[in-house]
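>>> Sequence and predicted structure below; questions after.
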Protein chains: 4
Amino acid sequence: MEKTEQKQVIPYQRKVQYYETDQMGIVHHSNYIRWMEEARVDFLGQIGIPYDEIEKTGVIIPVLSASCEYKVAFRYGDTFLIEIEGDKFTQVRMSLRYKIYDEKKTVLKAEGSTSHCFLDKNMKPVRLKKDFPGIYEKLALHFGESIHC
Amino acid sequence: MEKTEQKQVIPYQRKVQYYETDQMGIVHHSNYIRWMEEARVDFLGQIGIPYDEIEKTGVIIPVLSASCEYKVAFRYGDTFLIEIEGDKFTQVRMSLRYKIYDEKKTVLKAEGSTSHCFLDKNMKPVRLKKDFPGIYEKLALHFGESIHC
Amino acid sequence: MEKTEQKQVIPYQRKVQYYETDQMGIVHHSNYIRWMEEARVDFLGQIGIPYDEIEKTGVIIPVLSASCEYKVAFRYGDTFLIEIEGDKFTQVRMSLRYKIYDEKKTVLKAEGSTSHCFLDKNMKPVRLKKDFPGIYEKLALHFGESIHC
Amino acid sequence: MEKTEQKQVIPYQRKVQYYETDQMGIVHHSNYIRWMEEARVDFLGQIGIPYDEIEKTGVIIPVLSASCEYKVAFRYGDTFLIEIEGDKFTQVRMSLRYKIYDEKKTVLKAEGSTSHCFLDKNMKPVRLKKDFPGIYEKLALHFGESIHC
């Protein structure tokens, strides 16, 4: 596989919403888990497999685990920027790492991770390479061989 | 229909959650719309038609409109209490009114309303009385004839 | 006041988030109330009074009422577009109307409204024209005289 | 310290809300992070330090990290039950573990953890034992000495 074919993924960014703050005056920590989902589906769209189309083909990618370490709080008025990198990728699972920065990428404000499996609509595991090679190949192309289990 | 058979519905109440506050130090206004849903499904459960079972029988009750008037803010540490009354009820539609009080019911802190239709899983209207008489009768029993359109 | 100075406001738009859907397979109705907030603060930013700066000057603009009429559901994969227009504007209150369209603005999928007052940080009313003329003038410039109460 | 004085904490439980589901037909994973907060503040209330009163005394307990492992999905109609146990507790930090079960506690559906620090309203660390002995002692009484760092 030629790593040179790998598309460069643009980091995901948007402004903090008012309704994402809490009475501490900072973004409620649960929203970072949602931000990682936003960044993840944006990433999947950028590598050619929009998540709404994935679900229409019959694959769902539920979350097996999620974690976040909060270093510096986000406040209303801030913009966040998320970089994703693949951690592990197999035919049946995928795990991702997230770095959450301020808009100018000068401060690493949080770090997170999620892991996922590939299921069909009846919540049964699918073998991505065999059953959905189009999805498999785009993920494999992006993640590269080094992180295949 | 014997109005005397109508069950007395217990108001819905629970504590405000921390994640429902915003940086104004009060509950974010969007949550009242969710609270009305909580009160509505609790009400449906109390009159014998739990909403999870309604959906399993093939009826969904989407929201056609929702409104809320905010009079006195809720804060973290507060408990809210919601009273529901039927406004209109027909074979194809239902509208409800909500009074949102403090725990002791001394202050009317907000008032709201929602209207709904009855659809099948393909988002097509159902005739409740004909197609789902069990659900129809429980709603009719509770709402009474006076509010039938 | 010269209406010709009024800035043209660009409609607010973004993609539906996965976490905004519910098990009906559509966007949960409570999120439209949040979308209207997103559009409102975007609008305020466009006319020169970013909401985070408004709050820093000591003015908060809480919601007195909110309503939404749901016509056609949004689904995951959709983009929504919101147009705002001023309904009423006085020194002490403001009300807004929202039209929520699909991305191409071919279908009016929902309509909403909110009303607001202007308070200081102790939740006391402020006289916007006298106490915060900079904010007042930008709102007055945009809304025009015709809708002053 | 007499471990025998430690109060027995009742597990936190409530029904899943409709708005907590997503289009997979299960509870969206971000809500488990919120559920852990609900369980945590309920726990603090049970051991005599209601979180709203803690914040009024001038201490905030922000989240430094949060994680959740999802084993079996929750669906609408389910009730969840959360057991909390202290993991580590010092004058400046606290970490907690969460076991999330079905209502009858027959299936361990998820496990999570959070860690926290103790700050004042200016986001500066406080020495809990010295500055807020009332809060410190109740936590120490519950957690026991074995988990002090």
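On my side now, so go ahead.
>>> only C-alpha atoms for contact and neighbour calcs from this point on.
Noted.
>>> what's the angle from the strand or helix carrying residue A:44 to helix D:30-46?
Element membership of residue A:44 [criterion: DSSP states H and E] is helix A:30-46. Relative orientation of helix A:30-46 versus helix D:30-46 (axes from the mean of the first three to the mean of the last three C-alpha atoms, to 10 degrees): 170 degrees.
>>> Which residue ranges of chain A form strands?
Using DSSP state E, the strands of chain A run over A:12-15, A:59-60, A:63-70, A:79-89, A:93-102, A:108-117, A:119-120.
>>> Buried deepest among these, which one?
Highest mean neighbour count among the strands of chain A (mean count of other C-alpha atoms under 10 Å in any protein chain shown): strand A:59-60, with a mean of 24.
>>> for chain D, what are the nearby residues on chain A?
By C-alpha under 8 Å from any C-alpha of the partner chain, the residues of chain A that approach chain D are A:24, A:29-31, A:33-34, A:60, A:63-71.
>>> Could you restrict those residues to the ones contacting chain C?
residue A:34.
>>> which two in the residues of chain A next to chain D are spaced the farthest apart?
Using C-alpha to C-alpha, the residues of chain A next to chain D span at most 35.7 Å, a distance reached by A:24 and A:60.
>>> Quick one: residues contacting whichever residue of chain A sits closest to chain B.
Closest contact between chain A and chain B, by C-alpha to the nearest C-alpha, is at residue A:22 (3.8 Å). The contact partners of residue A:22, taken as C-alpha atoms under 8 Å, 6 or more residues apart in numbering or on different chains, are A:28, B:18, B:19, B:20, B:21, B:22, B:23, B:25.
>>> Beta-bridge partners for the closest residue to residue A:97 other than its chain neighbours, please?
With sequence-adjacent residues excluded and distances taken as C-alpha to C-alpha, 6 or more residues apart in numbering or on different chains, residue A:97 is closest to residue A:113, at 4.4 Å. Residues in a beta bridge with residue A:113, per DSSP bridges, are residue A:67, residue A:97.
>>> Quick check: residue A:113 touching residue A:67?
Yes - the criterion here is C-alpha atoms under 8 Å, and residue A:113 meets it with residue A:67 at 5.4 Å.
>>> on that earlier part again, out of the contacts of residue A:22, list just those in helices.
With helices taken from DSSP state H, there is no overlap with the contacts of residue A:22.
>>> which parts of chain A sit against chain C?
A:17, A:18, A:19, A:34, A:37, A:38, A:52, A:76, A:77.
>>> Relative to residue D:46, how far out is the fifth one?
I take that to be residue A:37. According to C-alpha to C-alpha, to the nearest Å, residue A:37 and residue D:46 sit 34 Å apart.
>>> and the two? which has more neighbours close in?
residue A:37 (19 against 14; other C-alpha atoms under 10 Å in any protein chain shown).
>>> quick one: contacts for the more buried one?
For residue A:37, the contacting residues are residue C:18, by C-alpha under 8 Å, 6+ apart.
>>> Buried members of the residues of chain A next to chain C into ChimeraX, please.
Command for ChimeraX that selects the buried part of the residues of chain A next to chain C, burial taken from 16 or more other C-alpha atoms under 10 Å in any protein chain shown:
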select /A:17,18,19,34,37,38,52,76
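>>> Just give me the least confident of the residues of chain A next to chain C.
Within the residues of chain A next to chain C, the minimum per-residue pLDDT falls on residue A:52 (91).
>>> Now do the same contact list for that residue.
C:76, C:77.
>>> go with 10 Å
Residue A:52 makes contacts with A:41, A:45, A:59, A:60, C:18, C:75, C:76, C:77, C:78, as judged by C-alpha atoms under 10 Å, 6 or more residues apart in numbering or on different chains.
>>> Pull the most distant pair out of these.
Longest span within those, C-alpha to C-alpha: A:59 and C:78, 18.9 Å.
>>> Quick check: buried residues in the helix holding residue A:44?
Buried, per 16+ other C-alpha under 10 Å, within helix A:30-46: A:30-45.
>>> could you give the angle of that helix to strand A:93-102?
Put simply, helix A:30-46 runs at 110 degrees to strand A:93-102, going by the same axes, to 10 degrees.
>>> what residues are up against residue A:20?
Counting by C-alpha under 10 Å, 6+ apart, residue A:20 touches A:26-32, A:74-76, B:19-23, B:28, C:34.
>>> Any stretches of chain A with poor pLDDT?
Low-confidence segments of chain A (pLDDT under 70): A:1-7, A:144-149.
>>> Without its sequence neighbours, what residue ends up closest to the residue nearest to the spatial centre of chain A?
With distances taken as C-alpha atoms, centre = their mean, residue A:40 lies nearest the centre of chain A, 2.5 Å away. Spatially, and ignoring its direct neighbours in sequence, residue A:40 is nearest to residue A:84 (7.4 Å; C-alpha to C-alpha, 6+ apart).
>>> before we move on, what about residue A:96?
In space, and not counting its chain neighbours, residue A:96 is closest to residue A:86: 4.6 Å by C-alpha to C-alpha, 6+ apart.
>>> Chain D versus the one you found, what's the distance?
Per C-alpha to the nearest C-alpha, to the nearest Å, residue A:86 is found 19 Å from chain D.
>>> these two touch, right, that residue and residue A:93?
No - using C-alpha atoms under 10 Å, residue A:86 is not in contact with residue A:93, being 11.3 Å away.
>>> what number of residues lie near residue A:106?
Counted with other C-alpha under 10 Å, residues neighbouring residue A:106 total 8.
>>> Please read the previous query as pertaining to residue A:107.
Other residues within reach of residue A:107, judged by other C-alpha under 10 Å, total 12.
>>> Now do the contacts for residue A:33.
By C-alpha under 10 Å, 6+ apart, residue A:33 lies in contact with A:66, A:67, A:68, A:112, A:113, A:114, D:29, D:30, D:31, D:33, D:66, D:67.
>>> Quick one: name the residues of chain A near chain B.
Listed as neighbours of chain B in chain A under the rule C-alpha under 10 Å from any C-alpha of the partner chain: A:18-31, A:75-76.
>>> farthest pair in those residues?
A:30 and A:76 (15.2 Å).
>>> Tell me which residues touch the closest residue to residue A:26 other than its chain neighbours, please.
Distances taken as C-alpha to C-alpha, 6+ apart place residue A:75 nearest to residue A:26, at 4.7 Å, with adjacent residues excluded. Going by C-alpha under 10 Å, 6+ apart, residue A:75 touches A:15-18, A:20-22, A:24-28, B:23, C:52.
>>> Which two among those residues are spaced furthest apart?
Greatest spacing in those, by C-alpha to C-alpha: A:15 and A:24 (18.5 Å).
>>> still on that earlier bit, of the residues of chain A next to chain D, closest to residue D:99?
Using C-alpha to C-alpha, residue A:65 comes nearest to residue D:99 of the residues of chain A next to chain D, at 14.1 Å.
>>> Look up how far residue C:25 lies from the closest one.
Distance of residue A:65 to residue C:25, computed by C-alpha to C-alpha: 23 Å.
>>> Could you pull up the contacting residues of residue A:120?
A:55, A:57, A:58, A:59, A:60, A:61, A:126, A:127.
>>> Out of the residues you listed, which sit inside helices?
Filtering the contacts of residue A:120 for helices - DSSP H - leaves A:55, A:57.
>>> Of the contacts of residue A:120, keep whichever come out buried.
Buried, going by 16+ other C-alpha under 10 Å: A:59, A:60, A:61, A:126, A:127, out of these.
>>> Could you pull up phi and psi at the fourth one?
Taking degrees, to the nearest 10, you get phi -110, psi 150 for the backbone angles of residue A:126.
>>> Pretty sure residue A:99 sits against residue A:114.
No - contact between residue A:99 and residue A:114 fails when scored by C-alpha under 10 Å: they sit 11.9 Å apart.
>>> Find residues that contact each of the two.
A:36, A:68.
>>> where's the residue of chain A most remote from its centre relative to residue A:119, distance?
In chain A, the residue that sits farthest from the middle, by C-alpha atoms, centre = their mean, is residue A:23; the gap is 28.0 Å. Using C-alpha to C-alpha, residue A:23 is found at 38 Å from residue A:119.
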